[in-house]
Structures are given as C-alpha cells and as structure tokens.
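Undergrad: Show me how the following folds:
(one chain, ligands or ions: 1)
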Amino acid sequence: MNRYEEMTWPEAKEKIPAARGVIITLGSVEQHGPHLPLGTDMFMGQEVACRVGELTDCLVLPVIPFGQVWSAKEFPGTISLSPETLCNLLVDISLSLNHHGAKNIIMITGHSGNSSVMKDAARILYDRYHIKNVLYYAYPDKKKLAEGIMESPFWNGRLMHAAEMETSMMLAVKPELVHMDRAVREYPDVPEELDFKTVPWSEYSQTGVFGDATLATEKKGEEYIRRMVEHIAKSILHITAE
Ligand SMILES: [Zn+2]
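TA: This next block holds a predicted model:
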C-alpha cells in the first residue's frame, strides 16, 4: 500500500525518505460533456498516479481536486483556480515533502490545463529553494500511445476532451458514472484566432466534447491506461535512477 494519507507519522518518518519519491496528483472539477462527471480528471489522475506509484515504489498523495480550467470556466459546474493559487499550492506541498526527506517530487496531472503551472512550480522550487528533483507529467505522448486504440481523430490535431479516450478510460475505471446514452460526437470549427487570442470554449463548443465520445469502450480505456502508466513509470525509473 502506497497511499500517503493512510500512513501514521512514525510510518511517514520511515517511508518518505525510503521511497523513490512522492507523487502529487492533480485533477480538475470541469465540464466533460453531457455524459461524463465533472470529476473525470481527478478520478483519472488518481487512477494513473496510484498505478504509477505501485510500479515505481513511490508514495501517492490524495488528489488535488481543483485545477486551472480557464477554457471551460463558463460551463455549469466548472471550478477554476488561478494559476497563481495552484502554483502556490504545489510549491507549499513540495516544500513540506522536501522537509520530510522526499527523494523526488513527482507531479502527475489528469488535466492538461495544469501542465504549465506544474512547470512554473518546478522552476520556483529550483530557483528559490534549490529543490531540483521535481518531475511533472501531463499524459506525455498521448497521441503516440493512442495509436492502434483510438479510431477518431484528435480535434484540431491535438486536443481530446471528453471524447473517445477519456470516455473509454472512465468506462474502465468508473463505469457507473458514465452515461453512454448521452455521449456525442462534436468537432467544433476551429476559431481562426485560437493560437493568437484566448477564447473560452463556450464561444465555439456546444456540448463541451472535442472529438467522438460515442466510440468509447472499456477495453480501449483499460489498454490506454496501461500504456500511459507504463510509459510514465518507465520515465520516472529512468530519470530517478541512482
Ligand atoms: Zn479531462
């Protein structure tokens, strides 16, 4: 068992410095179309992080449920932290972990909107506190790992949100929260100014799905999670090898 919050303090004293590292898991409370729950990214982040922790001998902190979700902020139910708030949270948690002797601090997010904030926090830890052993993962190589599994294209060649793969992952882990009868396919027109101006999703997406959620299956989700977990674990083992 590698759940951080389940340890007593005498166990923590011994296990934190002995483990390869401690994983900080990030998620979001964010619209995921008409068929997936708001907590999709926190559930998936937690699942991936726990499995990675098993493979790498890392302790896993409880998921931080909230993330930076500016793009989806207009959809009912979405909660968005400012990048500053999230960054401060990550830095403070990391300082505590470092104080308790964590060898490596590893951030894993189930929500890609947290990516740049994880990097910002790692740089603050590096520059201000000389804590250099901070790693961060936001579903790396998601496109390559989806090859042979995913049948629908990424939206705009790069985004998958509440679509085939995320819905499949949820079917594999939390099927009771997936409403496949409400799953849709939507490829909104790409706003011309998208790469040069910040535009909330609500201005061009009807359902909040970017891709084809109707093609999701439990089998695809299980295989994708397995590949992602192995990919991240391999990277952690490689980078933190002593
Ligand atoms: Zn998501």
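Undergrad: all contacts plus neighbour counts: C-alpha atoms, from now on.
TA: Will do.
Undergrad: counting residues per helix, which one in the chain is longest?
TA: Looking across the chain with DSSP state H, the single longest helix is helix 218-239.
Undergrad: Point to the helix or strand of the chain where mean pLDDT is at its lowest.
TA: helix 142-145 (a mean of 94; mean pLDDT, DSSP states H and E).
Undergrad: which residue sits closest to the residue nearest in space to the middle of the chain in space, ignoring its chain neighbours?
TA: For the chain, residue 110 is the residue whose C-alpha lies nearest the centre (Cα atoms, centre = their mean; 1.4 Å). Using Cα to Cα, 6 or more residues apart in numbering and skipping the chain neighbours, the partner closest in space to residue 110 is residue 45 (3.9 Å).
Undergrad: Now do the contacts for that neighbour.
TA: Taking Cα atoms under 8 Å, 6 or more residues apart in numbering as the criterion, residue 45 is in contact with 25, 26, 27, 63, 108, 109, 110, 111.
Undergrad: Mind picking the two most distant members of the residues you listed?
TA: Farthest-apart pair in those is 63 and 111; separation 11.7 Å (Cα to Cα).
Undergrad: joint contacts of these two?
TA: Contacts common to residue 63 and residue 111, judged by Cα under 8 Å, 6+ apart, are 26, 27, 42, 45.
Undergrad: returning to what we had before: so what's the model's average confidence on the helix or strand that the least confident helix or strand of the chain is followed by?
TA: Using DSSP states H and E, the helix or strand that directly follows helix 142-145 along the chain is helix 164-173. The pLDDT scores in helix 164-173 average 98.
Undergrad: Hey, what's the angle from helix 164-173 to helix 218-239? Just curious.
TA: With axes from the mean of the first three to the mean of the last three Cα atoms, to 10 degrees as the basis, helix 164-173 and helix 218-239 are set at 100 degrees to each other.
Undergrad: And helix 164-173, what does it pack against?
TA: If you count contacts as 3 or more Cα pairs under 8 Å, 6 or more residues apart in numbering; DSSP states H and E, helix 164-173 packs onto helix 40-56, helix 218-239.
Undergrad: at 6 Å what do you get?
TA: helix 218-239 (3 or more Cα pairs under 6 Å, 6 or more residues apart in numbering; DSSP states H and E).
Undergrad: what number of residues lie near residue 61?
TA: Look at residue 61: counted by other Cα atoms under 10 Å, it has 22 neighbours.
Undergrad: In this structure, where is pLDDT below threshold?
TA: 1 (pLDDT under 70).
Undergrad: Let's see that with 90 instead.
TA: 1, 157-160, 194, 203, 242 (pLDDT under 90).
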